[in-house]
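Participant: Sharing a model prediction with you, sequence too.
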Amino acid sequence: MAAALAIKNELMHPLETVELLASRNEWFVDRSADDEINMIVAGSWTDLHLSLNWNAQLEGLHLACSFDLKVPEGRRDEIVRLVALINEQLFFGHFDVWRNEGSLMFRNSLLLTGQADLNEAQCEALVHTALDACERYFPAFQYAIWAGKSAEDAIRSSLLETVGEA
């Protein structure tokens, strides 16, 4: 009985669950450290780079998802406005602009306090929330950066829903 309790009390590392999800989806995975995993997922517009980090002290899993899109200095203020408009629409996670580098990224976290175990459904939801947000809003970022459109025009373009298939 004591052995069964010891097995039950030894939780699977949260990043092992992430690795299982990545393997099932045939995503490129690099476990660069015990508490860090990096993945590349092919998106509709561009490859998405995900980095997940486990913080044992906080019992939290942090996800950052970025794409190959740099914001030129002259467009950063407008992109910051666009990020604010997009973040108002999001229920989970948020976009950030790293002003020094001009990088855009989606970030989200999951607390597993009390030694909670990360289940596959939670892991999938965390990752797919990031992928969906990046896929949905990537064209708005491009529209504002490369077409020089306002944040309001860019967000309007991303809120259009397509119906059916051509």
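Facilitator: Nice, thanks for sending it over. Every value quoted in this text rests on a predicted model; they were computed, and no experiment measured them.

Participant: What helices and strands are in contact with the host helix or strand of Arg31?
Facilitator: Assigned by DSSP states H and E, Arg31 falls within strand 28-33. Packed against strand 28-33 by the contact rule (3 or more Cβ pairs under 8 Å, 6 or more residues apart in numbering; DSSP states H and E) you find helix 14-25, strand 36-42. Using the backbone N, CA and C atoms, a C-beta is placed for each residue, glycine as well.

Participant: For these, which has the smallest mean pLDDT value?
Facilitator: Among the helices and strands packed on strand 28-33, helix 14-25 carries the lowest mean pLDDT, a mean of 90.

Participant: Packing partners of that helix?
Facilitator: Applying 3+ Cβ pairs under 8 Å, 6+ apart, one finds that helix 14-25 contacts strand 28-33, strand 36-42, strand 47-55, helix 120-146.

Participant: how about that helix as CSV, C-alpha atoms only?
Facilitator: Only the C-alpha atoms of helix 14-25 are listed here, as CSV (Å, rounded to 0.1, in the frame of the first residue of the first chain):
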residue,chain,number,x,y,z
PRO,A,14,4.2,19.0,-16.5
LEU,A,15,6.6,19.2,-19.5
GLU,A,16,6.3,15.5,-20.0
THR,A,17,2.6,16.0,-20.8
VAL,A,18,3.6,18.8,-23.2
GLU,A,19,6.0,16.4,-24.9
LEU,A,20,3.3,13.8,-25.3
LEU,A,21,1.0,16.4,-26.9
ALA,A,22,3.8,17.5,-29.3
SER,A,23,4.6,13.9,-30.2
ARG,A,24,1.0,13.1,-31.0
ASN,A,25,0.9,16.2,-33.3
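
Participant: got the angle for it vs helix 120-146?
Facilitator: 70 degrees (axes from the mean of the first three to the mean of the last three Cα atoms, to 10 degrees).

Participant: For helix 14-25, buried residues please.
Facilitator: Judged by neighbour count (16 or more other Cβ atoms under 10 Å), helix 14-25 contains these buried residues: Pro14, Leu15, Thr17, Val18, Glu19, Leu21, Ala22.

Participant: Just checking: what are the partner strands of the longest strand along the chain?
Facilitator: If you go by DSSP state E, the chain has its longest strand at strand 60-70. Using DSSP bridges, strand 60-70 pairs in its sheet with strand 47-55 (antiparallel), strand 103-111 (antiparallel).

Participant: Since that was my last question, I'll sign off now.
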